[in-house]
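Asks: Show me the folded form of this:
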Amino acid sequence: MIPIGRGQREFIIGDRQTGKTAVATDTILNQQGQNGLCVYVAIGQKASSVAQVVTTLQERGAMEYTIVVAETADSPATLQYLAPYTGAALAEYFLYRERHTLIIYDDLSKQAQAYRQMSLLLRRPPGREAYPGDVFYLHSREPLNLVRV
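Replies: Okay, the predicted model is just below:
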């Protein structure tokens, strides 16, 4: 992987079970001693998977500088949809208090599924694969672009 600097974004994309969450967890662990804050947002993950990540962070002492926002697979679609915004608000709060922040969304495709479910219930016209037409706009504007440096 190419290292990124502050104020930059990086997407970790890949097939299922290829280690994307492990890369994200390692990134959090490598922030130790950097005087920053990490926000890990788990969207639509199994509760056991989230518990495993939290256990790893606790064992390595990373929970001292990490906030976990978790809306598991059994959470309502509305809460899964709002989870990235909650994580972004937390990161912004600390950013404006002059702390460096790292936010990890795991995974945004689950937010898109929750948004699709909400849109279908609201009887909005579906687009490709029953996703609403603005789902890509949703991910391009917020929460990814909430913070402007």
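
Asks: only C-alpha atoms for contact and neighbour calcs from this point on.
Replies: Fine.

Asks: where along this protein do the strands fall?
Replies: 36-43, 66-71, 100-106 (DSSP state E).

Asks: Any regions of this structure where pLDDT drops low?
Replies: Within the chain, the stretches with pLDDT under 70 are 1-4, 136-149.

Asks: Where is the longest helix in it?
Replies: helix 77-95 (DSSP state H).

Asks: was I right about residue 104 contacting residue 41?
Replies: Yes - with contact defined as CA atoms under 8 Å, residue 104 reaches residue 41; the gap is 5.9 Å.

Asks: Skipping adjacent residues, who's closest to residue 135 in space?
Replies: Once flanking residues are discounted, residue 135 sits nearest to residue 112: 6.5 Å by CA to CA, 6 or more residues apart in numbering.

Asks: Give me the number of neighbouring residues for the one you found.
Replies: Residues near residue 112, counting by other CA atoms under 10 Å, number 20.

Asks: pretty sure it is touching residue 134, no?
Replies: No - contact criterion CA under 8 Å: residue 112 and residue 134 do not qualify, at 10.2 Å.

Asks: next one: the longest helix of the chain to chain centre, how far?
Replies: Centre-to-centre, helix 77-95 and its host chain are 8 Å apart (CA atoms, centre = their mean, to the nearest Å).

Asks: Report the angle between it and strand 36-43.
Replies: For helix 77-95 against strand 36-43, the angle between stretch directions is 170 degrees (axes from the mean of the first three to the mean of the last three CA atoms, to 10 degrees).

Asks: List the neighbours of helix 77-95 that are in contact with it.
Replies: By CA atoms under 8 Å, 6 or more residues apart in numbering, the residues outside helix 77-95 that reach it are 37-44, 69-72, 100-103, 105, 110-112, 114-115, 117-118, 142-144, 146-147.

Asks: can you pull the alpha-carbon coordinates of it into CSV?
Replies: What follows is helix 77-95, C-alpha atoms only, in CSV (Å, rounded to 0.1, in the frame of the first residue of the first chain):
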residue,chain,number,x,y,z
ALA,A,77,-31.8,0.1,8.4
THR,A,78,-32.2,3.7,9.6
LEU,A,79,-29.4,3.3,12.2
GLN,A,80,-27.1,1.6,9.7
TYR,A,81,-27.7,4.5,7.3
LEU,A,82,-26.9,7.1,10.0
ALA,A,83,-23.8,5.3,11.5
PRO,A,84,-21.3,7.0,9.1
TYR,A,85,-22.7,10.4,9.9
THR,A,86,-22.4,9.7,13.6
GLY,A,87,-18.7,8.7,13.1
ALA,A,88,-18.0,11.7,11.0
ALA,A,89,-19.6,14.0,13.6
LEU,A,90,-17.4,12.5,16.3
ALA,A,91,-14.3,12.8,14.2
GLU,A,92,-15.1,16.5,13.4
TYR,A,93,-15.6,17.3,17.0
PHE,A,94,-12.1,16.2,17.9
LEU,A,95,-10.7,17.7,14.7
